[in-house]
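K.L.:
Here you go, sequence then predicted model.
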Amino acid sequence: MAHIKLPEGLPGIRGPMAFRPETAKPLNELAEVLLRSENSLSRGERELIATFVSSLNNCFFCQNAHGGIAQHYLQCDLQYIDSIKNDYRSSDLSDKLKTLLSIAASVQNGGKQVTTEQIEKAKSLGATDIEIHDTVLIAAAFCMFNRYVDGLGTWAPQDRNIYVERGPRRAAEGYINFDLYKQ
């Protein structure tokens with residue numbers, strides 16, 4: 001049960017966004033730029049960063065919604081996404097992406113937890129300044145999004161396959177052009 005009266009039947013962040021469309025617009029614009037604009041990190045990699053941070057924050061809705069999108073882009077299965085959330089260091093991800101996930105985890109703990117050594121390592125593995133910038137901002141933004149979802153006590157479907165099935169549609173529609181009021 002949500003802590004405030006939100007529109008019925010809209011899971012996760014969609015209920016609060018429908019409740020306050022005037023705040024939803026800039027939040028969705030930020031997500032669109034961070035997760036879908038031109039970037040040397042693929043859309044799948046950026047969705048994976050969002051998924052990873054949401055997992056660290058234990059936000060069920062966001063980690064599964066963005067995990068479904070990441071799964072679509074990366075052409076992988078749910079178990080692969082789960083393995084990265086549980087132990088990215090042992091995954092087959094590039095060393096650069098592992099280092100960026102390390103930076104994202106530090107941001108999730110607190111911005112001052114990011115170390116010069118992490119940044120230097122990321123750069124030595126080929127990470128650009130914009131990739132580092134966007135990793136930090138994705139991690140920071142998803143801490144906010146996760147707290148928005150969970151702080152208002154929103155509900156989320158517990159069947160994780162729903163998110164997998166919706167991933168391709170969310171990937172196609174993006175964050176600006178979808179109807180907040182549809183399930």
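P.N.:
Cool, got the structure.

K.L.:
show me what contacts the closest residue to residue 78 other than its chain neighbours?
P.N.:
Closest residue to residue 78 apart from its sequence neighbours, by CB to CB, 6 or more residues apart in numbering: residue 164 at 6.0 Å. In short, each C-beta sits where N, CA and C put it, glycine included. Residues near residue 164 by CB atoms under 8 Å, 6 or more residues apart in numbering: 68, 71, 78.

K.L.:
State the helix or strand in which the second one lies.
P.N.:
Taking DSSP states H and E as the criterion, residue 71 maps to helix 60-74.

K.L.:
Following element in sequence after that helix, please.
P.N.:
Reading on from helix 60-74 to the C-terminus, the next helix or strand found by DSSP H and E is helix 78-87.

K.L.:
How about residues contacting that next one?
P.N.:
48, 51-52, 55, 63, 67, 70-71, 74, 90-91, 93, 101, 160-161, 164.

K.L.:
and that helix, what's its mean pLDDT?
P.N.:
For helix 78-87, the mean per-residue pLDDT is 98.

K.L.:
Buried ones in it, by neighbour count?
P.N.:
For helix 78-87, burial by neighbour count (16 or more other CB atoms under 10 Å) applies to 80, 81, 84, 85.

K.L.:
could you dump that helix to PDB, C-alpha only?
P.N.:
C-alpha atoms of helix 78-87 as PDB (Å, rounded to 0.1, in the frame of the first residue of the first chain):
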ATOM      1  CA  LEU A  78      17.700 -13.200 -16.500                       C
ATOM      2  CA  GLN A  79      20.300 -15.500 -14.900                       C
ATOM      3  CA  TYR A  80      23.100 -13.500 -16.600                       C
ATOM      4  CA  ILE A  81      21.700 -10.200 -15.200                       C
ATOM      5  CA  ASP A  82      21.400 -11.800 -11.800                       C
ATOM      6  CA  SER A  83      25.000 -13.100 -11.900                       C
ATOM      7  CA  ILE A  84      26.300  -9.600 -12.600                       C
ATOM      8  CA  LYS A  85      24.200  -8.100  -9.800                       C
ATOM      9  CA  ASN A  86      25.500 -10.800  -7.400                       C
ATOM     10  CA  ASP A  87      29.200 -10.900  -8.500                       C
END
